[in-house]
Structure formats: structure tokens, C-alpha cells
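# next input, structure requested:
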Amino acid sequence: MIKLQHFVESRAFQNFIIAVIVVNAITLGLETWPTAMAHAGSLLLALDQIALAIFVVEIVLKLVVYRASFFRSGWNVFDFTIVAITVAPVDEGLAVLRSLRILRALRLISVLPSMRKVVSALLRALPGMGSVVSLLLLLFYIASVMATKIRVYGFNG
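You can find the predicted model right below:
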């Protein structure tokens, strides 16, 4: 079990997952281009399925290594949710949900520490940004009321 944990946490494994995410994002983008689909559609779809299989294996390995503590990490829950959405069976009516496969590109956030830091900083800044937005809304409200009153009462500068 320790060897499996070292493997899952290894830099080489993380780099491999990053590479798969990037290749998968490119593949999904190419799937939206009719010319690419006409020339290499079956290859692109096969690459997408291979990437999905790799992501499922990654999640399973992490579940085996971390068991219940896997779900204590918000990033693991994020990864699990994105992969689960992609794997979930959908009928014709919900086929649009398949387009959510591109969300797998967001997994770069969870595997790149620098991106995680940026997201964490943005989340910490949200309350302060809310105060700034509230202040701006208040100023716009005051300015609009003043402008309306000036127009109503007439201002012949």
C-alpha cells in the first residue's frame, strides 16, 4: 500500500496526469472542428476514451490509497465530481451533459500547485471584492439619483 501511495503522489505520476489533461483538452477542442472530425474523428474519440479511462484509474488508485480520507480534500472531491459527470450514463435527452467533458481541463487547477494558490487567493479575496462591488453600487445609485433630481428640478448651469 505504501508503494502505491508513493506512486500516486510521485512527481512523475502527477506530470503524466497533467500531460493527459492537456492532450485531452486539445482533443476535445479538435472535436468541435468539423474538418478535424472528418479527417481524424475516430482517433480523436479514441483519445478521449483513453483519457477518460486514465482519469478513472487515477481516481480509483487514489480511493484505494486514501480510502475515506480521499473525500476530505476538496480538490479530490472536485476531480471525482468532474470524472463522475463524464462517466455518468446519459440518454438522448441529457446528451448535452456530455459537453461537460471539457470540465476535465479544469483538473489542471487541482494538479498544479501554482493554480491552486491562485484559486485559493481568489476565494479569499471574494468577501473583499463583494465590499468593493457594494460600494460601487452605492456610488452609482447616489449618482443616478442625483442626476435624476438635477434633471427633474432643472439645472440650467
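# going forward, measure contacts between C-alpha atoms and count neighbours the same way
Noted.
# could you list the alpha-carbon positions for the least confident helix or strand in the chain by mean pLDDT in PDB?
When the helices and strands of the chain are scored by mean pLDDT, DSSP states H and E, helix 107-111 comes last with a mean of 78. C-alpha atoms of helix 107-111 as PDB (Å, rounded to 0.1, in the frame of the first residue of the first chain):
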ATOM      1  CA  ARG A 107      -8.400  19.500 -13.300                       C
ATOM      2  CA  LEU A 108      -5.200  21.400 -14.100                       C
ATOM      3  CA  ILE A 109      -6.300  23.600 -11.200                       C
ATOM      4  CA  SER A 110      -6.100  20.700  -8.800                       C
ATOM      5  CA  VAL A 111      -2.800  19.200 -10.000                       C
END
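# which strands or helices does it pack on?
Applying 3 or more CA pairs under 8 Å, 6 or more residues apart in numbering; DSSP states H and E, we find helix 107-111 packed against helix 11-30, helix 74-87, helix 113-153.
# from residue 110, how far out is residue 118?
As defined by CA to CA, to the nearest Å, residue 118 lies at a distance of 11 Å from residue 110.
# between these two, which is the more surrounded one?
Between residue 118 and residue 110, counting by other CA atoms under 10 Å, residue 110 is the more crowded of the two (18 against 12).
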